[in-house]
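Enquirer: Got a sequence here, can you model it:
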Amino acid sequence: MNTKALHFDKTITHWDEALPLGNGDLGCLIWNSSDKLRFSLDKGGIWDCSNSPENQDNFTYDDIKKLVANKKQKQIQKKYDDSYNHPTPTKLPAGKIILDLGVKENIISNLDFNTAQAELMIGKISVKSFIHAQNNYGLIEINKTDVNLTIDNPKYGKIKKFSIKFPSKGTVQSLKNLHYPDAEFFNTTENNINYQYFIQPTNDGFYGIVTAKYEYNHQTLIAYTVGVSKDKSFAENCKATIKSAIEKGYDNAYTEHKKWWEEYWHQSSITLPDKLLEEQWYLNNYLLASCSRKHKFPMPLQGVWTADNGSLPPWKGDYHHDLNTQMSYSSYLKANHLEQGECFIDYLLDMAEAGKKFAKNFYNADGLCLPSVMDIEGHALGGWCQYALSPTNQLWLCQIMARHYFFTKDKEYLNKIYPYMQEVGRFLISILKEKNGIYKLPLSTSPEIHDNSLKAWLTPNSNYDLALMRCFAENMIRLSDEIGNNHETEIWQKRLDKFEPLAVNQNNILMLSPDESLSCSHRHHSHCMSIYPLRTLEYTTEKNKKIIDSTIKDLEKHGISEWVGYSVGWMAQFYIIQSNGEKACKLLHDFFNYNCTDNGFHINGDFKHKTDFNMKYRLFTLEGNFIATDAIQEMLLYSEWGKIKLFPAIPSNWTEAEFENFRAYGGLLISSKLTDGKISYVKIKATAYCTFTIENDLSHLNCSIKINDIKNISLNKNDEIVFS
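Expert: All right, here's what the predicted structure looks like:
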């Protein structure tokens, strides 16, 4: 089994099962019949940010507090939730290229993760394609001429003379709800190169697909790109880009492109006896690099693969910070793909001014806080305000920043994130109320518990909010100490003492809030944040073990009926913390088999009707892919706060397994191999000074350097230690 490729023997007939290509900015889905072969395109910056819900009168936290106090649920929903149902702001699809190859035959499709190249065979016709890893264009090479190429813009609604109310509600809206002027189409030939492109006006600017077709030696070469700008100037710039791509030629461009991917795959690797999990690890790391690149926009809900089905993307393709963006960036660290994660962190740092503005205008607070559901420019989109406008989701974003430093020990990055986190700390303290020496939030929630109802406002502080606030305070203590700010260290230690312990009921189960326990199946394990992803409740003491074991047993009791795909990967993480590799492995198999399409895209529900999920829908988002990928990595390496455990949660029948260059706490790079059920090789390299302990028994191995005790090892930067 080739675990580094996708292969389809039959023509792909649905957009969310297509072959995905991407370079972090430009995306493409290849699918459909040979007479209508689609290259459905996307670009990270195509948004319409008009009609922002936050521009309503008195769109404020104080207003929500008053409405909640007076139990005005209908007013809350009308003002803060219904505004999300307006078509804009939204991510927009780019459109598509359609090729008629002159035949109508079955298509055999392959996608090589190593080279990020798609190859299609239609009888004797060969179609090869890739999106250049570093340049903003894609290329298509076909071993025949007389290929008919057309481009198609999204089919928006016509502009009306009179304004109308937007009737469409729910997760997915029709493109017809957006009313734009007609696109302009152009078709010219210069020096035997045929250019086709369109310019589509929106409320915010213009965008379009630009293509070039060149026939030579019984072959056809097609170059394409997508442009976006405030005026129509993008078209000429895009023509210059694809003209140079045509002149370079497919093979020369492919050589450059392939080199980037070779370097990417050298950063880490795995070999597992479970080939499904191995394949999914490679697939999802391929998706990560395809939709998240440094100096580009970070991935929103669907990355660079907006739906091609006549609709806006699910949930408008926005930035959801109540779980989605955070989970989408949960796996990059251990896989040692730092630039993919820095794409997101850099974006958050760039959004600092937007966060300060929102903190002031919405919360009337100092410091910085981004909306939990926002457009690409950082404007609030509304939605269920219990999570869409939660003040603590910002702390989860800060946890990603802090964890990036703890795993890299990159002082330069620390100097970037620390001022940002200080501003977030100012914000948090300015909205907290202190009573009897204890901090309380004015309103407290646990994402999506009780949906959008008055019951969703929990007694402060919910365990979700409390876990995030305590974690933020602990991180500020550590980071202030690292940066040498002793005054700030002391301040945050005092503040940490003003947060209560997590709420645990008489059965040692983590509660939703101080007076409510989970009573039914629920998709968002928000009350368990302290177990994972925050890991502030470590499985290291008898008390903590009892709480974690009891909480997991309680989740099992309530069942999976209200779960979605990401719930499965999250639960697998809990089993891994228990070192229960069998249950974690089974859940991951269930996820990849029942919550993903054949090309690996996470589609939230169980569209195959194989599980007890009530949710049977098919809505593509990426966060489930990456939390499941992180779970595979966590099965192979535990690394927290200077403690390392190799193969901590693998099934008992895994006697052979290997991983290379996994990144660990303290800036370590670790490789290890399991042979005949025993560890046969360990290599640890330090990228910064680090002190750590190894919890495995390695007495049967020889060590490359003399150490006194594997429970207390110190390495300087670039030092390496090998057990074999």
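
Enquirer: Settle this for me: Ala686 is touching Leu715, isn't it.
Expert: Yes. Applying Cβ atoms under 8 Å as the test, Ala686 and Leu715 come out as touching, 3.8 Å apart. Where you see a C-beta, it was placed from the backbone N, CA and C, and this is true even at glycine.

Enquirer: Need the residues touching each of the two.
Expert: Common contacts of Ala686 and Leu715 (Cβ atoms under 8 Å, 6 or more residues apart in numbering): Leu668.

Enquirer: Lys155 versus Phe206, what's the distance?
Expert: The gap separating Phe206 from Lys155 is 17 Å, by Cβ to Cβ, to the nearest Å.

Enquirer: I'd guess Pro20 is in a helix, am I close?
Expert: No. Applying DSSP: H, G, I helix; E, B strand; the rest coil, one finds Pro20 to be strand, outside a helix.

Enquirer: Please look at it and Asn599 and confirm they touch.
Expert: Yes. Contact criterion Cβ under 8 Å: Pro20 and Asn599 qualify, at 6.5 Å.

Enquirer: out of the two, which sits in the more crowded spot?
Expert: Pro20 (29 against 21; other Cβ atoms under 10 Å).

Enquirer: State the distance from the more buried one to Leu287.
Expert: Taken as Cβ to Cβ, the span from Pro20 to Leu287 is 7 Å.

Enquirer: Same check on Asp346?
Expert: Counting by Cβ to Cβ, the gap from Asp346 to Leu287 is 20 Å.

Enquirer: Which parts of the stretch 301-450 of the chain are helices?
Expert: Counting by DSSP state H, counting those that start in this stretch, one finds helices in the stretch 301-450 of the chain at the ranges 324-328, 338-350, 352-363, 385-388, 393-408, 411-431.

Enquirer: out of these, nearest to Leu512?
Expert: Across the helices of the stretch 301-450 of the chain, Leu512 has its closest neighbour in helix 385-388 (12.3 Å, Cβ to Cβ).

Enquirer: Render the CA-only coordinates of the closest one in PDB, please.
Expert: What follows is helix 385-388 as a C-alpha-only set of coordinates in PDB (Å, rounded to 0.1, in the frame of the first residue of the first chain):
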ATOM      1  CA  CYS A 385     -22.900  35.000  20.900                       C
ATOM      2  CA  GLN A 386     -22.100  32.600  23.700                       C
ATOM      3  CA  TYR A 387     -19.100  31.500  21.600                       C
ATOM      4  CA  ALA A 388     -19.000  33.900  18.700                       C
END
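
Enquirer: So for it, mean pLDDT?
Expert: What helix 385-388 shows for mean pLDDT is 92.

Enquirer: which helices and strands sit right next to it?
Expert: Helices and strands touching helix 385-388, by 3 or more Cβ pairs under 8 Å, 6 or more residues apart in numbering; DSSP states H and E: there are none.

Enquirer: which residues touch that helix?
Expert: 64, 76, 80-81, 84, 322, 371-373, 380-382, 393, 445, 447-448, 452, 456-457.

Enquirer: try 6 Å this time
Expert: With contact meaning Cβ atoms under 6 Å, 6 or more residues apart in numbering, helix 385-388 is reached by 64, 80, 322, 372-373, 445, 447, 456.

Enquirer: before we move on, what about stretch 18-36?
Expert: 11-12, 15, 38-44, 98, 100-101, 103-105, 107, 109, 111, 118, 122, 131, 133, 136, 138, 290-293, 296, 304-305.

Enquirer: Buried residues in it, which are they?
Expert: Buried residues in stretch 18-36, counting neighbours by 16 or more other Cβ atoms under 10 Å, are found at 18-34.

Enquirer: where do the helices sit along the stretch 451-600 of the chain?
Expert: 463-483, 486-496, 542-558, 565-577, 581-594.

Enquirer: what does the average pLDDT come to for the third one?
Expert: What it means is helix 542-558. Rounded mean pLDDT across helix 542-558 is 98.

Enquirer: One more: the longest one?
Expert: Averaged across helix 463-483, pLDDT comes to 98.

Enquirer: returning to what we had before: which one of Phe206 and Lys155 is surrounded by more residues?
Expert: With neighbours defined as other Cβ under 10 Å, Phe206 and Lys155 compare such that Phe206 has more, 20 against 12.

Enquirer: from memory the more buried one sits against Lys232, does it?
Expert: Yes. Phe206 is within contact range of Lys232, at 5.3 Å (criterion: Cβ atoms under 6 Å).

Enquirer: what's the overlap in contacts for those two?
Expert: Joint contacts of Phe206 and Lys232 (Cβ under 6 Å, 6+ apart) are Ile199.

Enquirer: May I ask which helix or strand encompasses Ile246?
Expert: Using DSSP states H and E, Ile246 maps to helix 234-248.
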